[in-house]
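Participant: Have a look at this prediction, sequence included:
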Amino acid sequence: MQLSKKVALAVTFLAGLCLSGTAMAAEGDAAGELASSSNTLFILLGAVMILAMHGGFAFLEVGSVRRKNQVNALNKIICEWGFSTIVYFLIGYPLARGVSFLVPVEEMAVNHGFEYVKFFLLLGFAACIPAIISGGVAERAKFWTNSVAGGIFVGLVYPLIEGVTWGRFNNGLGGAEGWLASTFGAPFHDFAGSVVVHATGGWLALPAVMLLGARLKRYDSNSIKVSSIPFLALGSWILIVGWFGFNVMSAGELTAVSGLVAMNSLMAMVGGTIAAMAISKNDAGFVHNGALAGLVAVCAGSDLYHPVCAAVVGAFAGGIFVFMFEIETEKWKIDDVLGVWPLHGICGAWGGIAAGIFGQKALGGIGGVSFFSQLIVTALVVVFCVVASTVVYGLLKITVGIRLDHHEELRGSDLTVHMIEANPEEAM
Amino acid sequence: MQLSKKVALAVTFLAGLCLSGTAMAAEGDAAGELASSSNTLFILLGAVMILAMHGGFAFLEVGSVRRKNQVNALNKIICEWGFSTIVYFLIGYPLARGVSFLVPVEEMAVNHGFEYVKFFLLLGFAACIPAIISGGVAERAKFWTNSVAGGIFVGLVYPLIEGVTWGRFNNGLGGAEGWLASTFGAPFHDFAGSVVVHATGGWLALPAVMLLGARLKRYDSNSIKVSSIPFLALGSWILIVGWFGFNVMSAGELTAVSGLVAMNSLMAMVGGTIAAMAISKNDAGFVHNGALAGLVAVCAGSDLYHPVCAAVVGAFAGGIFVFMFEIETEKWKIDDVLGVWPLHGICGAWGGIAAGIFGQKALGGIGGVSFFSQLIVTALVVVFCVVASTVVYGLLKITVGIRLDHHEELRGSDLTVHMIEANPEEAM
Amino acid sequence: MQLSKKVALAVTFLAGLCLSGTAMAAEGDAAGELASSSNTLFILLGAVMILAMHGGFAFLEVGSVRRKNQVNALNKIICEWGFSTIVYFLIGYPLARGVSFLVPVEEMAVNHGFEYVKFFLLLGFAACIPAIISGGVAERAKFWTNSVAGGIFVGLVYPLIEGVTWGRFNNGLGGAEGWLASTFGAPFHDFAGSVVVHATGGWLALPAVMLLGARLKRYDSNSIKVSSIPFLALGSWILIVGWFGFNVMSAGELTAVSGLVAMNSLMAMVGGTIAAMAISKNDAGFVHNGALAGLVAVCAGSDLYHPVCAAVVGAFAGGIFVFMFEIETEKWKIDDVLGVWPLHGICGAWGGIAAGIFGQKALGGIGGVSFFSQLIVTALVVVFCVVASTVVYGLLKITVGIRLDHHEELRGSDLTVHMIEANPEEAM
């Protein structure tokens, strides 16, 4: 073998290697683009499914109120979505996440605009707060004072809770290196918001409902009935379907997607449905809300449970909902129209605690969760929300008033606030 | 060239190769993760779309029954979804697929929990069986005995059919090396369940409908009318949209996705709509069910047809549905409330056979399908379902009874079973 | 070192390199398959979401017409979807895109059938034309003559506009090297169809509405009211949710997906909702249509705006819609039932022009857009549509007639055209 030949061989090798490297880099770029765009699509799909859930909130309320307040239910939900977007865009998201969108568009448009769809997804969670409250205060709350309260919750109260659990202040509670983690072996865990979203919404609603008082004639002999089971069920179905975006896309990025989350959501929904059916003797309202109770409860530990335990967690939630709704509205005479405190407040808190029980390895779960961390943060959120809501609604009550006057309430907010009935042609 | 230089050169090459290999491995891992997570997302989207279809089944029935049975329609669909989940989880899926979920969660959580979303998708198919039957037996079947029958079908009957066509017992029928394939040149082909799901549901429903008998006063002069075309149409629209998940995600994995399946589903839906419109003189119920008839029929061969042939297959289905519904309910006086036998039974069987005709290369299709394999398996499924349903509903009838008593039926199952009307406020 | 050793070394290197290359090629193939199938899924999801929007069009109209024309609204939308599919498949798509599907199925099934899902997506846009017009001509147009007009628009008029802006004739207008681009610095830009779809639909509707004349007794003292706010709102919600497919999947391929498009659609929807609420004093119809007005206007520049500007564009649209609807229907007495001219025609044109203003870098946008290119093409589309519609509806009017006779209109098209009421049981 001559030197020239050796060199030729070496050059050939090197050239091959270089070509291989270049091709690989190009493929790497293409793969990176695909990964990045798939990621944006993943979060977008979740955001859109949660947006759809707000339509579900609207119809759940339309069916559960009297016909004279159906228009009000619809306008509340879509308008509060609008207000929530503005407030969360300007204040809430920067507060919770440390990211402002009031910067040049090019800065945020990187990675296929991932930060934008992340905002859209997290807005969907934030906007659940007024949507949840809406169902509790229905049929007698003033549109504007209730909107103001919603704005404060979405702009300040919820972002603080979001910030210390999921966001940038999570050193002590949500974080892996905080006090809870070092004391109890694991940080607070709330995969998709049983506590952060649902308990928050439900426990913010309770003082509002109590400060408002019951609807006129609510506790006279059986004088108030829901308007439409089909619309109630429609709302429930939209919420159920959208919930799989709420839970699955809580993974935050495509490569963290977990079929287990979907499976557990399914099992909890089914557990909640069947338990509510059994306890309520097949009542339509309870059955369709029982599915939601299961879904509320499963959020926190949906990435941890064995599917059999997820069904148990959901079944408990369905039972708790029926039982506590009866206690709240009939025994305690707290007129929570859609039962948002038992549904989101109680079942959400149960979900937070359940993650600390059924998420354990000893009970077949994935583990890495602490009962006490769950209990403590859940309790803190409950207390914080009760205080915050009492202050906000209390101040609004003693200043501008939070309730429609008697005439308005009797005639219905559709005609007195929106100047139109739900079925104008029929009403002629 | 000295030895040291040669060695240096060799080391350089090797190092380069190693580096290149390492980078490639890392990229390969990332690509594998992306592929695996995208795959889980793909099947999840299908599962969620099929879950939504069950809301569609509910509203199709709500609109098609009288107002006194709307609540019952809603509760039946969501509760049977619940029962189906439990039964298919514990018995049906293990039977059809040889996979049990009663194992440690870590075993199943691999590949981004793909097996879980696969279960969710296939549950959506299985749960169609009671949802289909529900429409046929509406307004007079007992809630519990009908639920028991549904449980038997989802736990045993359907999984056997699924097992021998799509699942683990498919050596003879579905498999590429079975008797059908070796005798007729191609195995049985049912891409998305014209036969496995729809014919099964429709032919299980027929004996149930006949054993129940017609609703009271059904064949007195025109005394029964549907309650709501808007709800009927809403159900149809939800089913139509979800169907694109039903058909497209039947591919089973993302890299097997085929735009042709979507195109053919579209063309068959349109064919069914227009044919039903033309034959029924623009009747609303027929038009909205005609779209579904086209979709039922196209499932089996949606991956094979030329789009023009898919339109023909769908148009035939739309026509068959209108024609056979009239024959069944008016001439034969079989009171199949939603026409589930002509819709799912007849059009499903037609779809199975049509795949053996229009799927052939000679008719512009992709080929690889045999008319006789299609005909034989379709006939076997029909016979098996008629026998199974006759046995199950027959035994239930002579033991616990399958029909509401006269008083309950006259008053409606909403008030007698669920203790609430569809529009309670209005009923006050 | 001996020659044989050197050769051995060299062979080892080469083998290693080859293996590496082969593995890379295999990975490249897998990555290509994933990219291609993800792309098909991406467009399919958009297509399905737009299909769902047509259900939204149906319910928006069901709620906005009187009960005697609800069935007609439902049948019109689903049947025109069917007619549009046939006409666009055979004529429109080949015309606009130069692609015919009347070729062997294998030719089109490449790349996971991408061309098929692209057709499905673009059909969704095309079929908006008759769906938009349907809302304007509601309650008195003849089913068949209106369907014929829709067929002409979907087969010829819209494809010409599509062809010169997005399709194969875009050298002069849409193209980067045409007259507009060279004269004004940028070609016409309409990312998701403010002009191409919505202005086209709205301005084709206007002459139809005028040639038809107002509904009987429309301008007698307040004698016509909408039937159902809940159905109207349901339609709006379905449209809102689906719109994120309409806009985001307009990217045309997955790796061009942009979270900015979703963000801007969200902001414009919110802007439109809040503006319409403020101006209309919280009217339900205006609020739910205001969201749509914002979405119509944002399409064209949704890939260009800063989110704050998108909210402004949407807010303007919401305001314009309320204002122009009042002018059109009350002052000018043009009986545009759903307000499709102000909603799609005016807000669509505004969206086209707004892209030329707020899309500029000077106003925080991405840039690459020209005010004059936007203005000129928008004006041309408006003029072309007015002429086309006047000719088509004018000819139909003087030949076969476009309006129901007095008796049919008074009784309602449900009973006279479709032989069934919306709520047949109730009507008994």
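Facilitator: Thanks, I have it.

Participant: Single out the residue in the stretch 101-250 of chain A that lies closest to chain C.
Facilitator: Of all residues in the stretch 101-250 of chain A, A:Gly113 sits closest to chain C, at 2.5 Å by C-beta to the nearest C-beta. C-betas here are computed from N, CA, C, even on glycine.

Participant: remind me which residues of chain A are low pLDDT?
Facilitator: Scanning chain A for pLDDT under 70 picks out A:1-28, A:172, A:174.

Participant: let's go with 80 and repeat that
Facilitator: The model of chain A has pLDDT under 80 over residues A:1-28, A:170-177, A:221-223, A:428.

Participant: how much space between A:Lys397 and A:Ser389?
Facilitator: 11 Å (C-beta to C-beta, to the nearest Å).

Participant: Quick check on these two: which one has the bigger neighbour count.
Facilitator: The residue with the greater number of neighbours, taking A:Lys397 and A:Ser389 and applying other C-beta atoms under 10 Å in any protein chain shown, is A:Ser389; the counts read 25 against 15.

Participant: For chain B, what's its nearest residue on the stretch 51-200 of chain A.
Facilitator: Checking the stretch 51-200 of chain A residue by residue against chain B with C-beta to the nearest C-beta singles out A:Arg66 as nearest, at 5.4 Å.

Participant: residue ranges of the strands in chain A, please?
Facilitator: Listed from the start of the chain, chain A has no strands (DSSP state E) to report.

Participant: Which single residue in it comes nearest to chain B?
Facilitator: Counting by C-beta to the nearest C-beta, chain A gets nearest to chain B through A:Gly259 (2.5 Å).

Participant: nearest residue to that residue other than its sequence neighbours?
Facilitator: Among residues not flanking A:Gly259 along the chain, B:Gly113 sits closest, at 2.5 Å (C-beta to C-beta, 6 or more residues apart in numbering or on different chains).

Participant: residues contacting the one you found?
Facilitator: The neighbours of B:Gly113, taking C-beta atoms under 8 Å, 6 or more residues apart in numbering or on different chains as the test, are A:258-263, B:40.

Participant: and which of these is nearest to C:Glu80?
Facilitator: Nearest to C:Glu80 among the contacts of B:Gly113, counting by C-beta to C-beta, is A:Ala262 at 36.4 Å.

Participant: measure the residue lying closest to A:Gly412 once chain neighbours are set aside to chain C for me?
Facilitator: Take A:Gly412 and drop its neighbours on the chain: the residue closest to it by C-beta to C-beta, 6+ apart is A:Lys68, 2.5 Å away. With the distance defined as C-beta to the nearest C-beta, to the nearest Å, A:Lys68 ends up 12 Å from chain C.

Participant: To what extent is the residue of chain A closest to chain B buried, counted in neighbours?
Facilitator: Look at A:Gly259: counted by other C-beta under 10 Å, it has 28 neighbours.

Participant: Surely it is in contact with B:Val117?
Facilitator: Yes: A:Gly259 sits in contact with B:Val117 when judged by C-beta atoms under 8 Å, with a separation of 4.1 Å.

Participant: joint contacts of those two?
Facilitator: Counting by C-beta under 8 Å, 6+ apart, the contacts common to A:Gly259 and B:Val117 are B:40, B:43-44.

Participant: Which one of these sits in the busiest neighbourhood?
Facilitator: Among the shared contacts of A:Gly259 and B:Val117, the one with the most neighbours (other C-beta under 10 Å) is B:Leu44, at 30 neighbours.

Participant: can you pull the contacts of it?
Facilitator: For B:Leu44, the contacting residues are A:244, A:248, A:257, A:259, A:262, B:117, B:120, by C-beta under 8 Å, 6+ apart.

Participant: please redo it, this time with the cut-off set to 7 Å
Facilitator: A:248, A:259, A:262, B:117 (C-beta atoms under 7 Å, 6 or more residues apart in numbering or on different chains).

Participant: correct me, but the third one touches A:Phe244?
Facilitator: Yes: with contact defined as C-beta atoms under 7 Å, A:Ala262 reaches A:Phe244; the gap is 6.0 Å.

Participant: Looking at the two, which one has more neighbours?
Facilitator: When A:Ala262 and A:Phe244 are compared for neighbours, A:Ala262 comes out ahead with 27 against 24, by other C-beta under 10 Å.

Participant: quick one: contacts for the more buried one?
Facilitator: Each residue near A:Ala262 by C-beta under 7 Å, 6+ apart is listed here: A:244, A:248, B:44, B:47, B:116-117, B:120.

Participant: need the contact list for the nearest residue to A:Gly242 once chain neighbours are set aside.
Facilitator: In space, not counting the residues next to it along the chain, A:Gly242 is nearest to A:Met53; the distance is 3.6 Å by C-beta to C-beta, 6+ apart. For A:Met53, the residues meeting the contact criterion (C-beta under 7 Å, 6+ apart) are A:238-239, A:242-243, A:246.

Participant: Burial check on the closest residue to A:Ser100 other than its chain neighbours, number of neighbours?
Facilitator: If you skip the residues right next to it in sequence, A:Ser100 has A:Pro94 as its closest partner in space, 4.6 Å away by C-beta to C-beta, 6+ apart. In terms of burial, A:Pro94 registers 15 neighbours under the definition other C-beta under 10 Å.

Participant: my guess is A:Pro94 meets A:Leu102, correct?
Facilitator: No: here A:Pro94 lies out of contact with A:Leu102, judged by C-beta under 7 Å, at a distance of 8.5 Å.

Participant: still on that earlier bit, for C:Leu44, see how far away the residue nearest to A:Ser100 is.
Facilitator: Look at A:Pro94 and C:Leu44: by C-beta to C-beta, they are 36 Å apart.

Participant: same check, this time on A:Cys309
Facilitator: 35 Å.

Participant: A:Val137 now?
Facilitator: Spatial separation of A:Val137 from C:Leu44 under the definition C-beta to C-beta is 41 Å.

Participant: correct me, but A:Val392 touches A:Val148?
Facilitator: No: the pair A:Val392 and A:Val148 fails to qualify as a contact (C-beta under 7 Å) at a distance of 8.4 Å.

Participant: So for the two, which residue has more residues nearby?
Facilitator: A:Val392 (24 against 16).

Participant: Could you list which residues are in contact with the more buried one?
Facilitator: Neighbouring residues of A:Val392 by C-beta under 7 Å, 6+ apart: A:149, A:152.

Participant: swap in A:Thr273?
Facilitator: For A:Thr273, the contact set (C-beta under 7 Å, 6+ apart) comprises A:287, A:290-291, A:294, A:318, B:78-79, B:82.

Participant: wait, which of those is closest to B:Ser227?
Facilitator: Relative to B:Ser227, the closest of those is B:Ile78; by C-beta to C-beta it sits at 18.9 Å.

Participant: Relative to B:Asn423, how far out is the closest one?
Facilitator: Plainly put, B:Ile78 is 19 Å away from B:Asn423 if you go by C-beta to C-beta.
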